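Enquirer: Sequence first, predicted model second:
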Amino acid sequence: MSEKKYRVGVIGAGMIANAALLPAFKNVDNRASLVAIADTRIDSARDTAARFDVQGVYDDPQKMLDEMDLDLVVVCAPNNYHKMWTIAALRAGCHVICEKPITVTYRDAAEMYDEADKAGKNLFVSQNKRFDDVIISAKRICKSGRIGEPYFAEIGLIRRRGVPTWGFFHKKEDNFGGPFCDLGVHFIDCLLYLTGNPKIKSVHGKAWTKIAHKREDIETSLAESGATLGVFTPRAFNVDEFNVEDMCAGLIRFENELLINFKFSWAVNLPNHTVMHIAGTEGGIQINPELKVFTNQDGFQVEITPHNIVRDNYATRTTFPGHWKLVEHIIDVLDGKCECIIKKEEILNTAGAIEAFYISTKQDRDVLLTELAGYPA
């Protein structure tokens, strides 16, 4: 298949668009052209367009889809609008990159893929952490059989004070959920990717809002909440709007008896830390804070620290190298050079985990994925 230069439109001019996705497309400007951006906050759209030399500026995404001849649309709107604008872009004849999570219910995610099939277009989900060097290396180790059959894992990201305060993350009516949607989706996706996407059986979760709604007179930074490059046109934060969880924890059980213990927070009185451990029948792997393999050799318990190969220099040029490599990969897929490594079945599995988690927090019980609307019998 011959290469073409793709005309790209963006829906949503928030932090992730400005800090990650638009710079990623500028990095491949010989293969893709940013031609339009739409945001209901027109000042944000104009500011972003000026920063990245984008000519088309809209306050109505549908008008952008109707007027612009686009090949690829990037949906960076809050979670509750992912389905709506993804389907609109597919029906406009465009391939779509949807920011994570694809959506927050299994049925909605399945419908989005059905629309892509009907349109004959690709639906990509921005699970960009798969492209981190440490995950690439960990995938190679897991695939080799070095750790055997995985049966237990623990994942988590704890921010002591890291509430996103620049957009709609904290509003249930826009974003649906808090750190489980924001942080947990990355870790669950990577865990599924590393372990071969076993089917999730059930989720039991607990969510709290204990800290973030307080008016604490303490200093925090945007970097602590994930906006490492800052925010150019932040929306004013109002703590009275905060109506999602600020901390969550729980268990995910799989049909193959794998069990995951998870915890994620934007605000909790615990130290900042990140964890991803997988225990297998032949060994174990630690992915954060550094990559290690735990195994036995010559009658000894040993810990192996691979020399993690730096596969490019993106980390010296951006704090979002995963997005840069994701965009390159997607264009390669569109050019027919490779298959996408982010599969529909994996994304549906994760969407099911999100829906089951929030049902569990309301009903205080294990929720089977077979209970979810649209889940295959």
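Expert: Nice, I can see it.

Enquirer: who's residue 124 bridged to?
Expert: residue 97 (DSSP bridges).

Enquirer: Going forward, the N-terminal residue is numbered 861.
Expert: Happy to do that; since the first residue is 861 now, the last one works out to residue 984.

Enquirer: In contact with it, which residues?
Expert: 955-958, 1190, 1193, 1200, 1202 (CB atoms under 8 Å, 6 or more residues apart in numbering). Placement of C-beta: from N, CA and C, glycine included.

Enquirer: quick one: which of these is nearest to residue 1128?
Expert: Using CB to CB, residue 958 is the member of the contacts of residue 984 that lies nearest residue 1128, at 29.3 Å.

Enquirer: The closest one contacts residue 942, correct?
Expert: Yes: between residue 958 and residue 942 a contact is recorded at 5.4 Å, counting by CB atoms under 8 Å.

Enquirer: Overlap of the contact sets of those two?
Expert: Shared between the contact lists of residue 958 and residue 942 (criterion: CB under 8 Å, 6+ apart) are residues 935, 972.

Enquirer: what stretches of this structure score poorly on pLDDT?
Expert: 861-862, 1090, 1168 (pLDDT under 70).

Enquirer: All the helices of it, in order from the start?
Expert: Under the criterion DSSP state H, helices of the chain are mapped to 875-876, 882-886, 902-912, 921-927, 942-951, 966-979, 993-1004, 1032-1035, 1039, 1045-1054, 1181-1194, 1204-1223.

Enquirer: ok now the third one, how far from the chain's centre?
Expert: Shown here is helix 902-912, whose average C-alpha point lies 24 Å from the average C-alpha point of the whole chain (CA atoms, centre = their mean, to the nearest Å).

Enquirer: same deal with the fifth one?
Expert: Going by CA atoms, centre = their mean, the spacing between the C-alpha centre of helix 942-951 and its chain's C-alpha centre is 18 Å.

Enquirer: What residues sit buried inside it?
Expert: Using 16 or more other CB atoms under 10 Å as the test for burial, helix 942-951 gives 942-950.

Enquirer: Format those residues as a markdown table; extra columns: distance to residue 1229.
Expert: Output for those, formatted as a markdown table (distance: CB to CB, whole Å):
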| residue | distance to residue 1229 |
| --- | --- |
| 942 | 20 |
| 943 | 19 |
| 944 | 24 |
| 945 | 26 |
| 946 | 22 |
| 947 | 23 |
| 948 | 28 |
| 949 | 28 |
| 950 | 25 |
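
Enquirer: Of those, which is the nearest to residue 916?
Expert: Nearest to residue 916 among those, with distances taken as CB to CB, is residue 949, at 14.4 Å.

Enquirer: any idea how far the residue lying closest to residue 1185 once chain neighbours are set aside lies from residue 1068?
Expert: Leaving aside its sequence neighbours, residue 1185 sits nearest to residue 991 (CB to CB, 6 or more residues apart in numbering; 3.9 Å). Distance from residue 991 to residue 1068, counting by CB to CB, to the nearest Å: 32 Å.

Enquirer: Was I right to think residue 898 contacts residue 924?
Expert: Yes: the pair residue 898 / residue 924 is scored as a contact, 4.3 Å apart, by CB under 8 Å.

Enquirer: if I look at residue 1214, how far off is residue 1229?
Expert: As judged by CB to CB, residue 1214 and residue 1229 stand 11 Å apart.

Enquirer: and if you look at residue 1167?
Expert: Residue 1167 sits 39 Å away from residue 1229, going by CB to CB.

Enquirer: for residue 1055, same thing?
Expert: 16 Å.

Enquirer: Check residue 1164 too.
Expert: For residue 1164 relative to residue 1229 (CB to CB), the value is 35 Å.

Enquirer: So between the two, which is more surrounded?
Expert: Between residue 1164 and residue 1229, residue 1229 has the larger neighbour count (other CB atoms under 10 Å), namely 23 against 14.

Enquirer: ok, now which ones touch the more buried one?
Expert: Counting by CB under 8 Å, 6+ apart, residue 1229 touches 966, 1059-1063, 1212-1213, 1216, 1235.

Enquirer: Just list the residues touching residue 895, thanks.
Expert: 867-869, 914-916, 928, 930 are the contacts of residue 895 under CB under 8 Å, 6+ apart.
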